[in-house]
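[1] Here is a sequence together with a model predicted from it:
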Amino acid sequence: MRASDLKPIVALTAMLAALPLAVRMNNYYVLLLTWILYYSTLVTAWNVIGGLAGQLDLAAASYIGLGAYTMGTLLTRLDVTPWVGIPLGGLVAAGFAALVGYPTFRFGLKEAWYALATISSVVVLQKLFLVWEEIGGPEERYLPARYGELYYLRFRGYAPYYYILLAVLVMVLLLNVKIRRSKTGYYLLAIRENEEAAEILGIDVRKYKLRALLIYAFVTGCIGGIFALISGYLHPHHFDTWTSLQVAILGIVGGAGVGSIYSLPATTFIIYSISELLRSTLGGWIPGIHLIFYGVILTVVVLLKPEGLSETYERLYGRIRAALLRRRAGGG
Amino acid sequence: MRRRPGIGRTVLVGALIVLIILVAVAAIYVRKPAPTPSPTPSPTTAAPTTAPPAPKIEEIVIGMVEPLSGTHSIFGIEAKQAAELIIEDINAKGGIKSLGGAKLKLVVEDSKDSIEGAKLAAEKLISQYHPPIIIGAYISRHTAAMAEVTEREKVILVADALVDFLSEKGWKYFFRACPKTSIHGKTAMDFVYETAQRKGIEISTVVIINEDSVFGRYTALGAYHEALGLGLTVLDQIEYPYDIADASPIVSRLMELDPDVVISVPYFSDGVLIATTMEEVGYKPMIVAGAGGCGYCDPDSISAAGSAVEGFTQTYSYNPFLNTPYNREIVQKFQERYGKLPTEAGGIIFYSLWTIKEALELAGQMFPEDPLNPDNLRQAFLALDITSGPAAETYPSGHIKFGPNGDNIYAMAVVLQVQDGEPVLVYPFEYAQAEPIFPIPGYKP
């Protein structure tokens, strides 16, 4: 990893770390920021499969749910700390991803069919957990309300979760940068651009797609465990297709895999904030306006900027930088 | 994500601008009739906990969180409509008299039909408007997510969600006037038993069928316990997913067991499916008694199932036909304004908001120096014993008194029956519009 890769991550982390202080720890804003960070982390993880490998994966909610249930069940039944439960949840999610991913890649399920297969896994898991009384079932299962103990990772406020998610986001960003620079990264790019050509060149397409999927599923499973800690209970509704779609929409609009990785958290930040603003200001009068907003954004971006917004940000950043430099040159 | 040949950009940008203008116009248009909650509430709205000389309270914010978008939005929107109507009515009738005629102000938030949305909405209400009381969130798991916030911030939560466990969590600032799910199950069973006794018909066997959500299960459990308590034999309890496409396995199982009574907890389309399947195969038990607030007697179900639901009954948390002066008045107002009968979702809000009004009134009398302090307000809620006035006149049992767990001790549901294609009130007998039909048409012993 190069130093130039680290600089933006350090800057971003410092900025994000200061945000809850900037809103003076107001619960509403910190929770809002926490949800934004939650989706940012998911979208950045999705970049591995959706951006680098170019597979339209819609199974995010499957991995979230599995991560949540693994962590939660271990915590409530066996009193296993989330510190262990969260990575185990990631492993279970990765295991499930292998189970679904191996045959789909083996039989060459691509594009829309791959998307359909993955999103149906969410629905199937939701139903399964509804009828699986021992672990799931229709009743909410509450996590122990032992607030403020590090062993249980449960807090009354949201700031601790915010910083936990921030740490995860940093790790996922580093992971992305590392993969991109590695041999795997180049292979994945080749697969995304032209799978047949990549195969002819001797890349084991199936192996690398599966590798990307496993990495993504593991990270998403871990985030699922954190989600369960924030929401405080387990329910089959954690397998929510809307979450999957939202992750993919944010990824596509943000330009996953095309430009800079930072475009993804930036897009999440902008879109989620506007959507929440619409919900909280106009939502009382025009119910569902935030959903219309998602639809419009997706349509406009796909039509005008099919490669996503990352390039737009880069141009904007370039312009601001140039203007600043000019001013400094003029002033000095 | 390949590049596609560009469509005329100017056209698209033009279309987008037009769209934005349209949305803006729509927003302004829709905004006008509704009272606009200003982002900066007047200083008096914030529950003042420290001002020693009794401050003059001019306005009290009541927060409301409902699913206004998503699958449950029909219920959420009706709840919001009902709330706007009642708040207007309370203010028009002089506000909270013991607090110098303080007016109520409603601020509604959308829960986005999700856990994260419900929690976010509650946090936003509390941090920006400081309401002493929040009402919501229709869906039990959203209400549970919200309760974590309201308990921490010491805000009274008046729930319009029915699932039993909400009152079993030991929450301190939680109140629920509406009948919980097990009361619905119990009421359905009691109704059948008492009707049979009145008619001199002997019943002995029951089968309970319910959709498999937590809602369906708790309702069924209430009916189950009541059936055992009444000395009836429960032959079986059949659970099914609410979105079933084929009810024939359920109906053939019923035919096999051939119970006297079928207690059913339907959700929406499953009830219609069960009724029409029974009609098709020509099987009718003595009665199919629905429990749980929506199902066989909903106007939509009756129009969808037609004669198949004739004689079927259903329990509700609210009865739009209740013949009391205030209920007649508010139902008429509701119909004039929204062009439909208020149902479950709206009705619960009617009496819950009037209960809130009575609690505020009492808090003003009991604690004139600090009525909006959460602990004082809680004392007032616990001291309530409403037997007259609008809250009692819209409540099925006409009596609201909260027990230590926050549930109404006198909670009751009502039973409607489809008679000649119209829902009519048949239970409790003292309020009934008509004598229940029992056994139902088509029953062959």
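    All right, it came through fine. All of these numbers come straight from a predicted model, not from anything done at the bench.

[2] in the chain, what secondary structure element scores lowest on mean pLDDT?
    Since no chain was named, I'll use chain A. helix A:310-331 (a mean of 81; mean pLDDT, DSSP states H and E).

[3] wrong one, I was asking about chain B
    Result, chain B / mean pLDDT, DSSP H and E: helix B:9-31, a mean of 57.

[4] list the contacts for B:Val149?
    Going by Cβ atoms under 8 Å, 6 or more residues apart in numbering or on different chains, B:Val149 touches A:27, B:119, B:122-123, B:126, B:155. The C-beta positions use only the backbone N, C-alpha and C, and glycine is treated the same way.

[5] What of B:Glu66?
    So B:Glu66 contacts B:75-77, B:79-80, B:108-111, B:136-138 (Cβ under 8 Å, 6+ apart).

[6] helix or strand for the residue nearest to the spatial centre of chain B, which one?
    With distances taken as Cα atoms, centre = their mean, the residue of chain B nearest its centroid is B:Ala345 (4.0 Å). Taking DSSP states H and E as the criterion, B:Ala345 maps to helix B:344-366.

[7] packing partners for that helix?
    Here helix B:344-366 touches strand B:59-66, helix B:73-92, strand B:133-136, strand B:156-159, helix B:374-383, helix B:390-394, going by 3 or more Cβ pairs under 8 Å, 6 or more residues apart in numbering or on different chains; DSSP states H and E.

[8] Tell me which of these is the most buried.
    Among the helices and strands packed on helix B:344-366, ranked by average contacts under mean count of other Cβ atoms under 10 Å in any protein chain shown, first place goes to strand B:133-136 (a mean of 28).

[9] mind listing what it pairs with, with the direction of each?
    Looking at strand B:133-136 with DSSP bridges, its partner strands are strand B:59-66 (parallel), strand B:156-159 (parallel).

[10] Now it: average pLDDT?
    Per-residue pLDDT over strand B:133-136 has a mean of 94.

[11] What of stretch B:74-81?
    Here stretch B:74-81 scores 90 as its mean pLDDT.

[12] repeat for stretch B:190-207
    On average, stretch B:190-207 scores 94.

[13] give me every residue that touches A:Ala198.
    Listed by Cβ under 8 Å, 6+ apart, the contact set of A:Ala198 reads A:187, A:190-191, A:205.

[14] With B:Asp407 instead?
    B:Asp407 neighbours (Cβ under 8 Å, 6+ apart): B:167, B:176, B:180.

[15] Mind listing residues that contact the least confident helix or strand of chain A?
    Here helix A:310-331 has contacts from A:254-255, A:258-260, A:262-263, A:266, A:305, using Cβ under 8 Å, 6+ apart.

[16] Under a three-state scheme, what state does B:Leu416 occupy?
    strand (DSSP: H, G, I helix; E, B strand; the rest coil).

[17] which ones are touching it?
    Each residue near B:Leu416 by Cβ under 8 Å, 6+ apart is listed here: B:297, B:313-314, B:316, B:319, B:321, B:423-426.

[18] follow-up on the earlier one: got TSV for the strands paired with strand B:133-136, with distance to B:Ala413 too?
    Below are the strands paired with strand B:133-136 laid out as TSV (distance: least, Cβ to Cβ, whole Å):
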stretch	distance to B:Ala413
strand B:59-66	21
strand B:156-159	16
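
[19] Dump these to JSON lines, plus mean pLDDT and distance to A:Ser244.
    Shown next, in JSON lines, are those (pLDDT from 0 to 100; distance: least, Cβ to Cβ, whole Å):
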{"stretch": "strand B:59-66", "mean pLDDT": "94", "distance to A:Ser244": "25"}
{"stretch": "strand B:156-159", "mean pLDDT": "96", "distance to A:Ser244": "30"}
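
[20] how about the ones you listed, which one is nearest B:Pro396?
    strand B:156-159 (16.8 Å; Cβ to Cβ).

[21] I'd like to know which elements the helix or strand following that closest one is packed against.
    Toward the C-terminal end, the helix or strand that comes next after strand B:156-159 (DSSP H and E) is strand B:174-175. If contacts are counted by 3+ Cβ pairs under 8 Å, 6+ apart, strand B:174-175 sits against helix B:140-153, strand B:156-159.

[22] Point out the most buried one among the ones you listed.
    Mean neighbour count (mean count of other Cβ under 10 Å) peaks for strand B:156-159 among the helices and strands packed on strand B:174-175, with a mean of 26.

[23] residues touching residue 148, list them.
    Looking at chain A here, since you left the chain open. A:Gly148 is in contact with A:154-156, counting by Cβ under 8 Å, 6+ apart.

[24] ah, I was thinking of chain B
    A:232, B:119.

[25] repeat that for 6 Å
    Residues near B:Glu148 by Cβ atoms under 6 Å, 6 or more residues apart in numbering or on different chains: A:Gly232.

[26] Okay, it and B:Tyr173: tell me how far apart.
    Distance, B:Glu148 to B:Tyr173, using Cβ to Cβ, to the nearest Å: 12 Å.

[27] Next one: the residue nearest to the centre of chain B from B:Ala79, what distance?
    5 Å.

[28] same check, this time on B:Asp89
    Distance from B:Asp89 to B:Ala79, counting by Cβ to Cβ: 15 Å.

[29] With adjacent residues omitted, what lies nearest to B:Ile203?
    Spatial nearest neighbour of B:Ile203, excluding adjacent residues (Cβ to Cβ, 6 or more residues apart in numbering or on different chains): B:Asp260 at 4.2 Å.

[30] tell me, how many neighbours does the one you found end up with?
    Counted with other Cβ atoms under 10 Å in any protein chain shown, residues neighbouring B:Asp260 total 22.

[31] so who does it touch?
    B:203, B:205, B:286.

[32] the helices in the stretch 201-350 of chain B, which residues?
    For the stretch 201-350 of chain B, the helices defined by DSSP state H, counting those that start in this stretch cover B:214-229, B:248-257, B:269-281, B:299-305, B:325-338, B:344-366.

[33] right, I mislabeled it, should have said the stretch 151-300 of chain A
    All helices of the stretch 151-300 of chain A, identified by DSSP H, counting those that start in this stretch, fall at A:159-181, A:183-193, A:195-200, A:205-231, A:241-254, A:263-281, A:289-304.

[34] Any chance of these in JSON lines with distance to A:Tyr69 and mean pLDDT as columns?
    As requested, the helices of the stretch 151-300 of chain A are exported to JSON lines (distance: least, Cβ to Cβ, whole Å; pLDDT from 0 to 100):
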{"stretch": "helix A:159-181", "distance to A:Tyr69": "19", "mean pLDDT": "92"}
{"stretch": "helix A:183-193", "distance to A:Tyr69": "30", "mean pLDDT": "90"}
{"stretch": "helix A:195-200", "distance to A:Tyr69": "34", "mean pLDDT": "89"}
{"stretch": "helix A:205-231", "distance to A:Tyr69": "8", "mean pLDDT": "93"}
{"stretch": "helix A:241-254", "distance to A:Tyr69": "15", "mean pLDDT": "90"}
{"stretch": "helix A:263-281", "distance to A:Tyr69": "25", "mean pLDDT": "85"}
{"stretch": "helix A:289-304", "distance to A:Tyr69": "28", "mean pLDDT": "84"}
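
[35] Nearest approach to A:Leu52 belongs to which of those helices?
    Among those, the nearest to A:Leu52 by Cβ to Cβ is helix A:183-193 (4.4 Å).

[36] Against which helices or strands is the closest one packed?
    helix A:205-231 (3 or more Cβ pairs under 6 Å, 6 or more residues apart in numbering or on different chains; DSSP states H and E).
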